[in-house]
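K.L.:
here you go, sequence then predicted model.
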Amino acid sequence: KRAHLSSSRMSQSQSPSCKYVLTTGGVLSGLGKGVISSSLGLIMKNRGFHVTAIKIDPYLNVDAGTMSPFEHGEVFVLSDGGECDLDLGNYERFLEVKLHADNNITTGKIYKSVIEAERRGDYLGKTVQVIPHVCDKIQEWVQRVAGVSIDGSDQKPQICFIELGGTVGDIESMAFIEAFRQFQFRVGPDNFCCVHVSLVPIVGASEEPKSKPTQASVRELRGLGLSPDLIMCRCAKPVGQELKNKISSFCHLPPTQVIDVHDVPNIFAVPLLLEEQQVGALILKKLKLEYDEKLGDPMEKWRGFVTHVNEVRAGSKKLNIALVGKYTGLQDTYFSVIKALEHGCLAIGYKLNLMWADSVLLETPPNAGNKASAELWEKIAQADGILVPGGFGDRGIEGKIAAATYARTHKIPYFGICLGMQLAVVEFARSVLEWEGANSTEFDPETRYPVVTYMPEVSQTVMGGTMRLGSRTSVLKVEDSILGRLYNAPTIEGRHRHRYEVNVNFVPHMEKQGLLFVAHDSTKTRMEAIELQDHPFFVGTQFHPEFDSHPNHPSPVFQGFVQASADYQARSAASTH
C-alpha cells in the first residue's frame, strides 16, 4: 500500500513536512481521548502513512515518575527510560511503535526548558512571558518531535497525532490551547485538524442523550480560538442522527463531522466504529491527503483481529489469573500488566478472568479467624496462575511473599515482575535455604541476609528519574530454560524501572538448591531472570515485559505464563475425574 502527501496549493518548499491532528477533551476527563487518538493513528497507519504521536499532560511534574498510582494510574516506561502517562502505552500498543521521552510533553518540561534558556541568556534580556516564549516553546517542541521516526524506518512521520490531556477550560492547559491557536496558522489550515471529544450524557428515565454539555464545551473551545473539525460524541449508547443534527446546528459543523463514539465491548472495536463513519476519509479530506481506495479495505486485518477477540470472549474457555498487589481497587495501576495478560490469553484462545488479590489481606493466614483473608485464600486456591507485579513500599509485602510460597509449594504457575521476582528470591531464601529474616534492604536495612539490595549507582536522595530505567539487554546464560524457549534468542530486550537488585553474593547458594538465575545483564553482575527447577512455571524477570506487549504480538513470557496456566487448569480438571 502506498500513501502520499498530495500536491497542495503550497509549494513543497513552503509546506511543512508533517500534518497535525490535535485531540482535545470537553465536559470532563476520562472520556477516552487516548483511545480515540490512538484509533485515528491506526486508521491512517493502515492506509500506509507514517505516523507519530504526542501526549500532552498539563501538570507541573516534569514526568509521571514520582506520582502515586492513586493520582495517575501506572507509570508507563518507554524504551529510552522516559516515565510517562499510561496513554503512551495505548499509542505503542495500537500503532506498534516505540515512542521517546520527548513524545510526552508536560508543563513541567516546558517551563523547565524555558527557565533554563532564560538562565543561559537565550532571550537576550527580554522579559520572559507565557506569550510568546512559553507558547513558542510548545510549538517548537511539537514540530521537533513530529520529525522523529518512531516506527523503525528512516521515513519521517507524515501525520502527528497530538492528545491534549485534561479538559478545555482547565487553567493549567490554557498555555497549550493558546499555543495551538497560534500553531494552526503557523502550519496552515491544510495541515491542521482539530478533533474534540465531548460527553453526551443520558439523563432521566427516558434515557434521552443530551447535547447541551457538548454545545457548551465547543463554544468554550471556539472562544479560545480553536474550531473543531470533528466532534467525537462519547455516550453510553448510540446517539442517533437527530442528536447529530442538533449538535451540527449549534457547533458550526456538517452532521457527517459529528461522530458517534458509543461504548463498545472492547477498545479494539473503536477504530472500526470510527471507520464505519468515514473518519479516515474526513481526515484525508481535511489534510489534503490522498489514498487510493482501489487498494482495498485498509482495516481488513484489524477487522479480522477484532472478530477473533469477539469469538474468544464469547467462548467458554477462560483462565483464572490471580493478580496480587496492594492497589487492587485501582485497575489503572496495573494497566499494562492486564493488557499483556489479555494479549497472551487471546493468542491461545482463552478469555481472561482476572482475580484481584489484596496483598495486605494475604498477610493473614487462612486459618487465623479473619473472614476476608480466609475468603481470599480460597480464591487463590481456585487460580490457574499467580502473578505478582512490580511495586514500591512495604505495605502488603508479606502477603506477596505468602502468594509466592503458595505457588511454589502447590506447583501453580507463578510469574513475578520486578518486585515480584525479588520477593520470590526472598521467599526462597527464607523457606528453602532457611535463612530466617532474609529480606530486601528496601524493607529491612538491617537484615542479616540482604538477598536484595540497593544498586550502588542509584541516588538515595533525588527521586525523579534516578532509577535504572529503559530498555536493557538481558543475556540468557542457561540455554535450556523456559525463557530461552519462549524468546528463541540468546538475548532479551526489556524495559526496566527499579532501584534494588538481587545481591549477587547469595546467587551461588540459591542455585545449588534449585533457584536458577537464567539471565544476567551484559556485565554479568546484575541478575535479570529466575526459574525454579522441578516446577512447571515459576519465573521472575527484573525487566517489565508488559511494556513490550502488543495485541497482535503478545510478550513471549506473558504468553508462556498463560499457556502454563491453561496446562495447569487442564491437569487439575483431569485429576478430579
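P.N.:
Right, received. Where do you want to start?

K.L.:
excluding its backbone neighbours, what's nearest Pro298?
P.N.:
Asn46 (4.2 Å; C-beta to C-beta, 6 or more residues apart in numbering). Placement of C-beta: from N, CA and C, glycine included.

K.L.:
got a list of what Arg313 touches?
P.N.:
265-266, 351 (C-beta atoms under 8 Å, 6 or more residues apart in numbering).

K.L.:
remind me, longest helix of this protein?
P.N.:
Longest helix of the chain, by residue count under DSSP state H: helix 556-575.

K.L.:
show me the helices in the stretch 251-400 of the chain, by range?
P.N.:
270-276, 279-286, 300-314, 335-348, 371-381, 397-409 (DSSP state H, counting those that start in this stretch).

K.L.:
in the shortest one, what's buried?
P.N.:
Going back to what we said before, that points to helix 270-276. 270-275 (16 or more other C-beta atoms under 10 Å).

K.L.:
go on, the last one?
P.N.:
Residues 397-408 are the ones in helix 397-409 that count as buried (16+ other C-beta under 10 Å).

K.L.:
which helices and strands sit right next to it?
P.N.:
When contacts are defined as 3 or more C-beta pairs under 8 Å, 6 or more residues apart in numbering; DSSP states H and E, helix 397-409 packs onto strand 318-325, strand 385-388, strand 414-417, helix 419-431.

K.L.:
okay, the angle between that helix and strand 318-325?
P.N.:
Taking axes from the mean of the first three to the mean of the last three C-alpha atoms, to 10 degrees, one finds helix 397-409 and strand 318-325 inclined to each other by 140 degrees.

K.L.:
using PDB, write out every CA atom in helix 397-409.
P.N.:
As requested, the backbone C-alpha atoms of helix 397-409 are provided in PDB (Å, rounded to 0.1, in the frame of the first residue of the first chain):
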ATOM      1  CA  ILE A 397       4.900  -7.200  51.100                       C
ATOM      2  CA  GLU A 398       4.500 -10.300  53.300                       C
ATOM      3  CA  GLY A 399       1.200 -11.100  51.500                       C
ATOM      4  CA  LYS A 400       3.100 -11.200  48.200                       C
ATOM      5  CA  ILE A 401       5.700 -13.400  49.700                       C
ATOM      6  CA  ALA A 402       3.000 -15.700  51.000                       C
ATOM      7  CA  ALA A 403       1.500 -15.900  47.500                       C
ATOM      8  CA  ALA A 404       4.900 -16.900  46.100                       C
ATOM      9  CA  THR A 405       5.100 -19.600  48.800                       C
ATOM     10  CA  TYR A 406       1.700 -20.900  47.800                       C
ATOM     11  CA  ALA A 407       2.600 -21.000  44.100                       C
ATOM     12  CA  ARG A 408       5.900 -22.700  44.800                       C
ATOM     13  CA  THR A 409       4.500 -25.400  47.100                       C
END
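
K.L.:
quick revisit: can you redo the buried residues of helix 270-276 as TSV with pLDDT and distance to Arg448?
P.N.:
Shown next, in TSV, are the buried residues of helix 270-276 (pLDDT from 0 to 100; distance: C-beta to C-beta, whole Å):
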residue	pLDDT	distance to Arg448
Val270	97	54
Pro271	97	56
Leu272	97	59
Leu273	97	59
Leu274	97	60
Glu275	96	62
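
K.L.:
what's the closest of the residues you listed to Met299?
P.N.:
Glu275 (5.2 Å; C-beta to C-beta).

K.L.:
surely that closest one touches Ile43?
P.N.:
Yes. Glu275 is within contact range of Ile43, at 5.9 Å (criterion: C-beta atoms under 8 Å).

K.L.:
can you list residues touching both of these two?
P.N.:
With C-beta under 8 Å, 6+ apart as the test, Glu275 and Ile43 both reach Met299.

K.L.:
can you give me the neighbour number for Leu476?
P.N.:
Neighbourhood size, Leu476 [other C-beta atoms under 10 Å]: 19.

K.L.:
what do you get for the one 10 residues further on?
P.N.:
A total of 19 residues lie near Leu486 under the criterion other C-beta under 10 Å.

K.L.:
which elements pack onto the helix or strand where it lies?
P.N.:
Element membership of Leu486 [criterion: DSSP states H and E] is helix 482-487. On a contact count with 3+ C-beta pairs under 8 Å, 6+ apart, helix 482-487 meets strand 468-476, strand 515-521, strand 527-532, strand 538-541, helix 556-575.
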